[in-house]
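Novice: Next comes the sequence, and after it the predicted model I'd like to discuss.
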Amino acid sequence: MITRDILESSRTMSAFSIHEALAFGLRETKKYFFALLPLSTLTLISMLLVSVGRFDPLRPVSIGVVTLSFAASFVLFLFLRLGMIRMVLDILDGKNPSFRRAVAVYGAVLPMLGALLLLLLPLGIGFFLFFIPGVFLWVIFSFSPFLIVDRGYGVLSSLAESVRLSKDVRSKLLLLTLILFAINLAGLLVFVVGVLATIPFSILAYGYCYRKMTGMKILQTNPASPALPVSVPPSTS
């Protein structure tokens, strides 16, 4: 049985605005850029390692070594990605993002790998068929890593819950995904280092949508100071 610990009130999910999601991502990226920078840098390095680790028949390296190198780089990238999601969820909950909490997500790596393995064939076919079907499948299951990190869901439960959460907003999520893809592509073109800003920006924007769709309140990370109580002098009458 699939465990569901998301409140039943989330069935009446709050619709999110793409503009609000992008604005939130931009604002919080500016606010926490340097706090997120170490993890963003490590993520960029892992991305470069994954691309370098791909098999090249012209290189005199055995297929086994290349495969092992690629797998290790990909697992590192996945671990860092989940760590970034942890930091983003903390920001959404009004907490200061912590690198220590980010690297404590190692327990989420295996469920995320399992989910990706299940999706490998349908996603591969979808991306092969004119790209858009693959993106649409990605959108349907896009909340799965958030559920694994945030709720501790397993492979099947995270995928099933992601399908449910995205049911009524898939067209908006698809548009948001394409926008974020274009922004990250632009970040790569800015001497590659542009992704140091676009990676956290993208996850923050998506995290905003995730929190909206789970019906949970997004807290202000820097709430305004409460107003001081005004003392009213006692009546002299």
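Specialist: Perfect, thanks for sending it.

Novice: any idea which helix is longest in this protein?
Specialist: In the chain, taking DSSP state H as the definition, the longest helix is helix 18-52.

Novice: Quick check: buried residues in the next helix or strand after that one?
Specialist: Next along the chain after helix 18-52, taking DSSP states H and E as the criterion, comes helix 63-92. For helix 63-92, the buried set under the neighbour-count rule, 16 or more other Cβ atoms under 10 Å, comprises 66, 69-70, 73-92. Using the backbone N, CA and C atoms, a C-beta is placed for each residue, glycine as well.

Novice: And stretch 203-222, by the same measure?
Specialist: Applying 16+ other Cβ under 10 Å to stretch 203-222 flags 203-216, 218, 221 as buried.

Novice: Over to stretch 97-109?
Specialist: Those would be 97, 102, 105, 108-109, for stretch 97-109 by 16+ other Cβ under 10 Å.

Novice: Would you mind giving the residues you listed as CSV with secondary structure added?
Specialist: Listed next are the buried residues of stretch 97-109 as CSV, based on DSSP: H, G, I helix; E, B strand; the rest coil:
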residue, secondary structure
97, coil
102, helix
105, helix
108, helix
109, helix
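
Novice: Looking at these, which is nearest residue 23?
Specialist: Closest approach to residue 23 among those (Cβ to Cβ): residue 97, at 19.0 Å.

Novice: quick one: the closest one and residue 149, what's the gap?
Specialist: Distance, residue 97 to residue 149, by Cβ to Cβ, to the nearest Å: 13 Å.

Novice: For the protein, give me the ranges with low pLDDT.
Specialist: Applying pLDDT under 70 to the chain flags residues 1-14, 53-62, 130, 220-237.

Novice: so where does the residue most central in space within it fall, helix or strand?
Specialist: In the chain, the C-alpha nearest the mean C-alpha coordinate belongs to residue 203, at 3.9 Å (Cα atoms, centre = their mean). Assigned by DSSP H and E, residue 203 falls within helix 195-213.

Novice: which secondary structure elements does that helix contact?
Specialist: Using 3 or more Cβ pairs under 8 Å, 6 or more residues apart in numbering; DSSP states H and E, the elements in contact with helix 195-213 are helix 18-52, helix 63-92, helix 144-151, helix 170-189.

Novice: Which among these is found nearest to residue 162?
Specialist: Of all the helices and strands packed on helix 195-213, helix 144-151 sits nearest to residue 162, with 4.4 Å by Cβ to Cβ.

Novice: Can you name every helix or strand that that closest one contacts?
Specialist: Helix 144-151 packs on helix 63-92, helix 109-128, helix 155-165, helix 195-213, going by 3+ Cβ pairs under 8 Å, 6+ apart.

Novice: Would you mind getting the angle between the helix or strand just after the second one and helix 155-165?
Specialist: In other words, helix 109-128. Going down the chain from helix 109-128, the next helix or strand is helix 132-140, by DSSP H and E. Interaxial angle, helix 132-140 versus helix 155-165 (axes from the mean of the first three to the mean of the last three Cα atoms, to 10 degrees): 100 degrees.
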